[in-house]
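No letters, just coordinates:
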């Protein structure tokens, strides 16, 4: 499997919820456990601008790109940087258990703090650092690497409902919902005679 390509059958799209990203993918990566299917690649965020993710990261539904990376203080790339916006949100399971944190970051061109704001957004998912030791299978133990790995969802916001993808309730708008909501914004509709 090449980077960014999926081993999913034709017709299937990768469209995970926040809970699925944290529990099924990030938790297993941090614990060094196998994940099936193993489709999310690892990318060095410092060497990749958001528009270069095609072919490197896994492309999911609605032009979202997914990848693992190591956490760092600096999120600078060759042409810009990622800057945190808003407040962090808890990632809560359907059984109301807090399992992680979701940070939202925006990409800016140039150097901080004078960068030019772009439409590129990233949701960066972190595990809660429990400091628990895990069995290595050979009688030894090691600390889970939860503080080293994050899983990221990157997309270019178009100003529509995409920026609220899976926020809080995990619900999303259908295409018809978006059409009807956009009609509410129009004060007067002129129909042809």
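Alright, I've got the coordinates. As the structure is a computational prediction, the values presented were derived from the model and not from experiment.

can you list the weak-confidence ranges in the chain?
Counting by pLDDT under 70, the chain has low-confidence residues at 1-8, 130-147, 160-193.

Swap in 80 and give it another go.
Judged by pLDDT under 80, the chain has its weakly predicted residues at 1-12, 73, 129-147, 159-193.

tell me which residues of stretch 114-124 are tucked away?
Applying a neighbour-count criterion of 16 or more other C-beta atoms under 10 Å, the buried positions in stretch 114-124 are 115, 118, 120, 121, 122, 123, 124. C-beta here means a position set from N, CA and C on the backbone, and glycine is covered the same way.

Could I get the phi/psi values of the first one?
Just to be clear, that refers to residue 115. In this entry, residue 115 is assigned phi and psi values of phi -60, psi 160 (degrees, to the nearest 10).

residue contacts, it?
By C-beta atoms under 8 Å, 6 or more residues apart in numbering, the residues touching residue 115 are 80, 81, 83, 108, 109.

still on that earlier bit, so which two of the buried residues of stretch 114-124 are the farthest from each other?
With distance counted by C-beta to C-beta, no two of the buried residues of stretch 114-124 lie farther apart than 115 and 123, which are 19.6 Å apart.

quick one on the thing from earlier: mind checking which of the contacts of residue 115 are in strands?
When the contacts of residue 115 are checked against strands using DSSP state E, the ones located there are 80, 81, 83, 108, 109.

Across the sheet, point out what pairs with the last one.
In other words, residue 109. Judged by DSSP bridges, the bridge partners of residue 109 are residue 80, residue 116.

Touching, it and residue 118? I think so.
Yes. With contact defined as C-beta atoms under 8 Å, residue 109 and residue 118 form a contacting pair (6.1 Å).

which residues do those two both contact?
Taking C-beta under 8 Å, 6+ apart as the contact criterion, the common neighbours of residue 109 and residue 118 are residue 80.

quick one, strands of this structure?
Along the chain, the segments classed as strands by DSSP E run 58-60, 64-70, 80-92, 98-109, 116-127, 133-135, 141-143, 149-156.
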